[in-house]
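Q: got a structure for you, letters missing:
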């Protein structure tokens with residue numbers, strides 16, 4: 001992800017009147033809406049990299065909203081999905097959440113409830129994408145470290161002091177201090193806690209003890 005994206009709400013419902021009214025409602029809070037009348041067309045053409053959310057009816061001809069949701073999850077799509085239905089049951093609700101829905105609302109949908117659900121979904125998705133970007137940046141920066149810097153970082157994460165690291169690696173304390181400063185700069189960390197957390201996350205991802 002490069003420049004910040006403007007959130008888009010994909011509205012998937014075969015009922016034109018419902019699409020129009022919900023698009024108008026969601027537009028009142030400044031969010032861009034992309035309406036889809038056919039679920040298969042949505043699956044074939046929507047932007048999987050967009051930031052935002054999906055608002056989708058459960059019962060549609062051809063392919064149900066639940067089936068679409070299952071395909072999205074199987075494809076690794078991370079856009080949060082808000083399911084809507086005019087014929088809700090406890091079992092249907094259970095299945096929707098089990099399949100990965102972020103929210104399940106019954107029609108006629110309460111305006112405030114829907115807007116709150118949409119805004120919450122967008123906030124969570126934006127935060128998730130920002131974490132992904134931060135993690136990717138950290139991985140790229142970690143890959144640029146020298147072997148010696150990685151060794152020093154590992155010992156810092158284990159709680160060793162500069163003098164202790166110097167003894168273990170047969171270096172001068174000043175050299176360790178230089179490596180330490182380089183680590184903070186290269187990994188973009190402002191505190192020791194942040195440095196250790198970043199190392200722990202990268203080590204866990206790589207399967208390193």
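A: Sure thing, it's come through. This one's a predicted model, so the numbers in the text were calculated from it and none came from an experiment.
Q: residue boundaries of the helices in the chain?
A: 16-27, 39-45, 65-74, 90-99, 111-143, 147-157, 162-169, 173-187, 192-206 (DSSP state H).
Q: which residues touch the fourth one?
A: By Cβ atoms under 8 Å, 6 or more residues apart in numbering, the list of residues contacting helix 90-99 from outside reads 58, 66, 69-70, 73, 83, 85, 104. Just so you know, the C-beta spots here come from the backbone N, C-alpha and C atoms, and that holds for glycine as well.
Q: need the residues you listed in JSON lines with pLDDT, can you?
A: JSON lines is the format used below for those (pLDDT from 0 to 100):
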{"residue": "58", "pLDDT": "93"}
{"residue": "66", "pLDDT": "94"}
{"residue": "69", "pLDDT": "96"}
{"residue": "70", "pLDDT": "95"}
{"residue": "73", "pLDDT": "94"}
{"residue": "83", "pLDDT": "96"}
{"residue": "85", "pLDDT": "91"}
{"residue": "104", "pLDDT": "94"}
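Q: Considering those residues, which is situated nearest to residue 23?
A: Comparing those against residue 23 with Cβ to Cβ places residue 83 closest, at 17.2 Å.
Q: Grab the nearest non-local neighbour of residue 85.
A: residue 58 (3.9 Å; Cβ to Cβ, 6 or more residues apart in numbering).
Q: Give the phi and psi angles for the one you found, as a check.
A: phi -80, psi -50 (degrees, to the nearest 10).
Q: That one: what's it in contact with?
A: Residue 58 touches 64-66, 83-85, 87-88, 92, 96, counting by Cβ under 8 Å, 6+ apart.
Q: Okay, now the unreliable bits of the chain?
A: Applying pLDDT under 70 to the chain picks out residues 1-4, 205-209.
Q: redo that, cut-off 90
A: Residue ranges of the chain with pLDDT under 90: 1-6, 61-62, 86-95, 99, 107-108, 130-144, 186-190, 194-209.
Q: In contact with the residue nearest to the spatial centre of it, which residues?
A: Centroid check for the chain by Cα atoms, centre = their mean gives residue 128 as the closest residue, at 2.7 Å. Applying Cβ under 8 Å, 6+ apart to residue 128 gives the contacts residue 78.
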